[in-house]
Each structure stands twice: as C-alpha cells, then as structure tokens.
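S.K.: quick one, fold the following:
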Amino acid sequence: MFELEIEKYKQEEIENLKELIKYKSISEDSENIDAPFGEECKKVLDYFLNLANNMGFKTKNVDGYCGYVEFGEGEEMLGIIGHLDVVPANIDDGWNTDPFEAVIKDNKIFGRGAIDDKGPVIASLYAMKIVKDNYKLNKRVRLIIGLNEEKDWKCVRHYKVNEEFPTLGFSPDANFPCIYAEKGIFTAIINSEINLGENVKVIDASCANNAINVVPKYARITIECYNDEVKCKFLNLKDIKTTIINENTLKLEAYGKSAHSAYPSQGDNAITKLLLNLPENNFVKSLNENGFFDIESPKYLGGEDTIDESGKLTSNIAQLSLKNGKISLGINFRVPVKTSFDFVKKNMEILKTSLPNLDIMLENANPKLYVSKDSYLVKTLTKIFFEETGIQLEPIATGGGTYARAFENCVAFGAIMPGEKETYHQANEYININNLILATKIYARAIYELGK
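M.R.: All right, here's what the predicted structure looks like:
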C-alpha cells in the first residue's frame, strides 16, 4: 500500500527537505507584526505553505505565528502537529558540514532540523499528498506548523486562541512506535550574589545564548581580580581554561557536550563544570548541598519519590548570565507523569525559606501528556508501526516534550526508528533517507486508518 506513490515522490521529497534545512529558522522575538519569530521563520513557513498550496492543499498563514495545510471534508479533524523552528547551530560546535546547508552522505541527510522536526514534517506532507490523491476519508486532515516550539510555544498558544482544535492527532516529533506519556516540563530561574574571594568581582557570565532545552556545551565567567594570591588559584583551576585579558581581568571557560535537555546524562554540562570548579563560594556550596547539580531526581524536589513509569525527575542547568550584579541560572526540569506540579512547587517554596540568599522564580510550566496504552489512538498507531516494519514494541514514555501535549487525544508518533542514534539538538544532526521514506509510508497509513 502506497509503495508506488512514495517512490514517485521520493526524490522531490528529499530535495524539499534540503531546501527547508537551508533556512536558519531559529525562533526569536521580533516586533515585525508579519514575522513575530524573525525573518527566517517567516521565510521557512512561506516556503512550506507555498509548496503545499502547489500540491493542491488548502493552506493558511495564522498571523505569522504558525500555519496549516488541510484537505478533506467532515466535522471531525485529524491533526498532525509539527514545527519548522530549530535550535541554534554553528559549524564550530563540532559539525562536519555547514548545519544550514544540507549534505547527503552515507544515505543520510545532515543538517539542523533534519530529524527535529523538518524531516518528519516533510514526510507528513507527502503522506498527506499520497492519501489525498488516492483515497476519500471521513475526516479533514490538518497539518499544523509551529515556529516557536523550541522556546516558548507562543505559536501553538496563538493557534489555540484563533483556530479549530483537532479531534484526535499525533505529533511527528519523537520516536516510534508511539509515545503515550510525556513528562511535565518547567523552568526555574535562580538568582544570587556570588563571592569568589577577596577583591574579586564577576563582570560577565554567559553560555553563548544556549537554549533552555539543550545541555550547554560552553560557559564562561569573566572576573576582575586584584589579589595576586587569589589570582593564582584561578590560573590553576581543574577542567577550566583561564585566559588573562589584562593585568587584573581573567576569562574562565568550560567546555562540554550538548544533548537534549530531556536526557541530560547524554551530555556534559559546561555550566555545571564551570561552577563546581570555581574556588568555593556560598552560592555554589548552597546549590551543591541542596542537589542542584544532581541531574536525576534532585533531592530538593523529592528525590526517589519522583520516579514512575515515565522515568526519573531530571534537571538541566541550561542558562547562565549576570543580571544586576547577580548570577542567574535557568534550570529546565522534566517531571514524571505521576508527580504533580503542586508537589514540585511546594518543595521549591520550602527551598526558598531554607536558602534566603537565593531568589527563585518558576516559569513556562508545560503540563504532562498521558494517553492510556489501551486507547484506540495508541493501539492503532502501534499496530500500524508493527504492520509496516515487522517490529513489535510496546508504546513508550519519554522525558521529551512535543506539541501532542497541547491538544486532547494526541500522542507523539515517530519519526526516530527504534535503535537509531538520536541526534536532535546535537552536532551533525541527520535523518536516514530510508527511514525518511519509511516514515512517509507509516504516516500515510496512519492518516488513512485514522481518517476513515
């Protein structure tokens, strides 16, 4: 089923994915009413909607925040929810090629967004094309495209205020066979004064605009030091590169490895490395004693009480800056599905009283997703994956967060194959071409089955 149609569009699909990767669509706030997330995000959405329009779909640009592609008739709607914005990437980050110039090597398409989420989105579009041209469904099918998924989800919130909700659906932004549970997500901002010794002043701190959902690969603190004895300590720090800027100014840098914030153990956190290797100070000591550097089940948020079928509570110190003379840390948490945000907030309030020198703010809470394994949606998608691949697996839970949690009766569905290396948010991100085409077939089958 669908084999001939998929083969017919294979090369066209590959070329259009390569074009999508060329857009440096890193979402950023903009005052341009037509491009609320920046010019590159506007361009990539325009390209995609124009492509879909030429393929015979109904399309709509929703005020520059997002867009959708639709076909079919019926009161009910099958939704496919993906995104075209990406996390930052530079060739100096360890890429073998320009991250925004798609390269094919070893039957893989390399480039930022190849697997997260431009590849799965283009697979979904061609799957819709194949079904639209060959079958009649009882539901409308709508592919919703966001532009702010990697940051604040302003795009999907704007959509929900202004447009129709799907009856059921999936997000092609995770793993096969199917994601039935996603941890809750929230960010904590912690501010505190930092004392690194007599006659030492912190004048700058940065992690090079690292995204909140990425393990930072770089961090630095710049200090002024007027004490020769203390200065010697900074010149001999473990795992830290110290550069003398001038007689009294030193730059301290740490290097790590990036990874997705949902799986912090896969990375090497440069901020953590930098802070823990600084000469002992009350700020770092307080954080360390209260488990802020414990990436799995931080004890101040419940420790072993925060583990369930979706895994452990995890944390990632993702952002570092200097604000009004204070060190500011942005920490991304992934909360197991059976742990409530109220439990987390309560523990945070207790922490505030025990650490009065810390200013803690919670923001960007993103609720969990949980759809029963026995639901029609999960059973159908899992069955489709088995029948198309011969691989029989149980649906899984994840620490990642997808647009599926934005709507009722939606789950995440591919496009990462079981056992495949996960390269999203990392250098040399890629999608295997065979898997891209297989995902297209699986999505076509899902659209057909769920839309009948």
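
S.K.: ok, residue 372 - contacts?
M.R.: Contacts of residue 372 were listed using Cβ atoms under 8 Å, 6 or more residues apart in numbering, and they are 180, 378. Placement of C-beta: from N, CA and C, glycine included.

S.K.: now do the one 10 residues further on
M.R.: Taking Cβ under 8 Å, 6+ apart as the contact definition, residue 382 lies against 177-178, 393-395.

S.K.: could you flag which of the residues you listed are buried?
M.R.: 177-178, 395 (16 or more other Cβ atoms under 10 Å).

S.K.: of those residues, which is the nearest to residue 36?
M.R.: Minimum distance to residue 36 across the buried ones among the contacts of residue 382 is 32.4 Å, recorded for residue 178 (Cβ to Cβ).

S.K.: got the contact list for stretch 10-21?
M.R.: For stretch 10-21, the surrounding residues in contact (Cβ under 8 Å, 6+ apart) are 44, 47-48, 51, 84, 100-102, 104, 109, 111-114, 118-119, 121-123, 126, 431, 433, 436-437, 440.

S.K.: now, the contacts of residue 382 that are in strands?
M.R.: Of the positions in the contacts of residue 382, not one sits in strands, assigned by DSSP state E.

S.K.: out of those residues, who's nearest residue 446?
M.R.: When the contacts of residue 382 are ranked by distance to residue 446 (Cβ to Cβ), residue 178 comes first, at 9.9 Å.

S.K.: surely the closest one touches residue 398?
M.R.: No. Contact between residue 178 and residue 398 fails when scored by Cβ atoms under 8 Å: they sit 10.6 Å apart.

S.K.: any common contacting residues for the two?
M.R.: Where contact means Cβ under 8 Å, 6+ apart, the residues bridging residue 178 and residue 398 through contact with each are residue 412.

S.K.: host element of the residue nearest to residue 122 when sequence neighbours are not counted?
M.R.: Nearest residue to residue 122, sequence neighbours excluded (Cβ to Cβ, 6 or more residues apart in numbering): residue 17, at 4.7 Å. Assigned by DSSP states H and E, residue 17 falls within helix 3-22.

S.K.: same thing with residue 339?
M.R.: Using DSSP H and E, residue 339 is not contained in any helix or strand.

S.K.: check what pLDDT it gets.
M.R.: In this model, residue 339 is scored at 86, pLDDT.

S.K.: what's the answer for the one 10 residues further on, then?
M.R.: Residue 349 is assigned a predicted lDDT (pLDDT) of 79.

S.K.: then residue 11?
M.R.: Looking at residue 11, its pLDDT reads 97.

S.K.: what about it, how many residues nearby?
M.R.: Neighbours of residue 11 under the rule other Cβ atoms under 10 Å: 9.

S.K.: show me what contacts residue 151?
M.R.: By Cβ under 8 Å, 6+ apart, the residues touching residue 151 are 27, 85, 211-212.

S.K.: so which helix or strand takes in it?
M.R.: Here residue 151 is assigned to no helix or strand, by DSSP H and E.

S.K.: can you count the residues close to the closest residue to residue 154 other than its chain neighbours?
M.R.: Closest residue in space to residue 154, ignoring its immediate chain neighbours: residue 148 at 4.7 Å, by Cβ to Cβ, 6+ apart. Neighbour count for residue 148, taken as other Cβ under 10 Å: 23.

S.K.: go ahead and confirm residue 148 touches residue 155.
M.R.: Yes. Between residue 148 and residue 155 there is a contact at 4.1 Å, judged by Cβ under 8 Å.

S.K.: mutual contacts of these two, please.
M.R.: 37, 65, 83.

S.K.: ok, how many other residues are close to the first one?
M.R.: Residue 37 sits with 28 neighbouring residues when counted by other Cβ under 10 Å.

S.K.: cool, and the second one?
M.R.: Residue 65 is flanked by 22 other residues according to other Cβ under 10 Å.

S.K.: quick one, what contacts it?
M.R.: Residues in contact with residue 65 (Cβ under 8 Å, 6+ apart) are 36-37, 146-148, 154-155, 158-159.

S.K.: that one and residue 1, how far apart?
M.R.: Going from residue 65 to residue 1 by Cβ to Cβ, to the nearest Å gives 36 Å.

S.K.: can you list the residues that contact stretch 240-252?
M.R.: Residues contacting stretch 240-252 (Cβ under 8 Å, 6+ apart): 203, 220-226, 231, 234-235, 237, 253-255, 273-274, 277-278.

S.K.: ok, the residue nearest to residue 413 when sequence neighbours are not counted - contacts?
M.R.: Spatial nearest neighbour of residue 413, excluding adjacent residues (Cβ to Cβ, 6+ apart): residue 170 at 3.9 Å. Counting by Cβ under 8 Å, 6+ apart, residue 170 touches 79-81, 377, 381, 404, 410-413, 446.

S.K.: quickly list what residue 170 is bridged to.
M.R.: In this entry, residue 170 is beta-bridged to residue 80, residue 411, by DSSP bridges.

S.K.: against residue 54, how distant is it?
M.R.: Distance, residue 170 to residue 54, by Cβ to Cβ: 25 Å.

S.K.: sorry, back to before: from the contacts of stretch 240-252, keep the buried residues only.
M.R.: By 16+ other Cβ under 10 Å, those give 220-225, 231, 234, 253-255, 273-274, 278 as buried.

S.K.: from those residues, which land in strands?
M.R.: 220-225, 253-255.

S.K.: and of the residues you listed, the nearest to residue 199?
M.R.: Closest approach to residue 199 among these (Cβ to Cβ): residue 225, at 6.7 Å.

S.K.: what sits against the nearest residue to residue 96 once chain neighbours are set aside?
M.R.: Leaving aside its sequence neighbours, residue 96 sits nearest to residue 428 (Cβ to Cβ, 6+ apart; 5.8 Å). By Cβ under 8 Å, 6+ apart, the residues touching residue 428 are 94-97, 110.

S.K.: which among the contacts of residue 170 end up buried?
M.R.: Listed as buried from the contacts of residue 170 are 79-81, 377, 381, 404, 410-413, 446; burial here means 16+ other Cβ under 10 Å.

S.K.: can you add pLDDT and give those residues back as TSV?
M.R.: Putting the buried ones among the contacts of residue 170 into TSV (pLDDT from 0 to 100) gives the following:
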residue	pLDDT
79	98
80	98
81	98
377	98
381	98
404	95
410	97
411	97
412	97
413	98
446	98
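
S.K.: closest one of the residues you listed to residue 360?
M.R.: Of all the buried ones among the contacts of residue 170, residue 404 has the smallest distance to residue 360: 29.5 Å, by Cβ to Cβ.

S.K.: how near is the closest one to residue 244?
M.R.: To residue 244, residue 404 is 51 Å away according to Cβ to Cβ.

S.K.: with residue 211 instead?
M.R.: The spacing between residue 211 and residue 244, counted by Cβ to Cβ, is 31 Å.
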